[in-house]
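Engineer: pasted the sequence and its predicted model underneath.
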Amino acid sequence: MKRFTLTACAGLMLAAMAVPSLAADLPRPAYKAPVYVAPFSWSGFYVGINGGYGWGTSNWTLTGTSLSTGNFDINGGVVGGTAGYNLQTGNWVWGIEGDIDYSTIKGTETTFCGAAGCETKNSWLATLRGRVGYAFDRWLPYITGGGAFGDVKMTPGGGPSETDTLAGWTVGAGVEWAFMGAWSAKIEYLYVDLGNANCSAATCGVSTDVDFKTNLVRAGLNYRF
């Protein structure tokens, strides 16, 4: 019995000495460095499309007098293209954006102008604006403002028409969301005032000032480079 015990102890000691050697021979798990994910950046050029709806007012006033139609409603859709550039510093995003849209915004006043009415119509509308936003990773709320440009077609009483190209101003705000790498989607509101067009006496019978003011709500899809 004593001999058996000594033999067993010797065997255990040999096994214990062999364990570190065996452990050293076992394959070690490969070390994987943590994956670095760069913070999202809004910087760069982009192009896109936009579309939406506009509603506002127009007013026909005899030049140099207070005689006018009063404000009447104008409304219609817009669709077009967008291009711009952003520069991000920290969370702040500074940018410039331009767009040009085909427009169907129009309206007619019949009380002052008779049954045929006086029609104000806009067929194209463009803006060139600065943008300032504060980024929450892929979300970018922003304010915007700058110049607005467009045509105003004036048709009195169903007769001949006259078109004037105007330069005014715009201001608004929106929010943009980046997804799928280089794509982003936005929704924005703009107030646009193109100022006064003039319908000459040759067309309107009496020189007449015609103003154009509209609210725009547009959605857009952009691709960033």
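Structural biologist: Arrived safely.
Engineer: any stretches of the chain with poor pLDDT?
Structural biologist: For the chain, the stretches with pLDDT under 70 are 1-31, 33-38.
Engineer: which residues of it fall in strands?
Structural biologist: Applying DSSP state E to the chain gives strands spanning 44-62, 72-89, 92-103, 106-109, 118-121, 124-134, 139-156, 162-179, 183-199, 208-224.
Engineer: list the buried residues of the first one.
Structural biologist: Buried positions in strand 44-62, judged by neighbour count with 16 or more other Cβ atoms under 10 Å: Tyr46, Gly48, Asn50, Gly52, Tyr53, Gly54, Gly56, Thr57, Ser58, Asn59, Trp60, Thr61. Just so you know, the C-beta spots here come from the backbone N, C-alpha and C atoms, and that holds for glycine as well.
Engineer: and Ala83, what does it touch?
Structural biologist: For Ala83, the contact set (Cβ atoms under 8 Å, 6 or more residues apart in numbering) comprises Phe45, Tyr46, Val47, Gly48, Glu97, Gly98, Asp99.
Engineer: ok, the closest residue to Thr208 other than its chain neighbours to Gly168 distance?
Structural biologist: Spatially, and ignoring its direct neighbours in sequence, Thr208 is nearest to Cys199 (4.4 Å; Cβ to Cβ, 6 or more residues apart in numbering). Note on Cys199: its distance to Gly168, by Cβ to Cβ, to the nearest Å, is 17 Å.
Engineer: go on, Ser200?
Structural biologist: 20 Å.
Engineer: what bridges to the residue nearest the centre of the chain?
Structural biologist: The residue lying closest to the centre of the chain (Cα atoms, centre = their mean) is Lys186, at 4.4 Å. For Lys186, the beta-bridge partners under DSSP bridges are Glu176, Gly220.
Engineer: that one reaches Ala173, doesn't it?
Structural biologist: No. Judged on Cβ atoms under 8 Å, Lys186 makes no contact with Ala173 at a distance of 10.9 Å.
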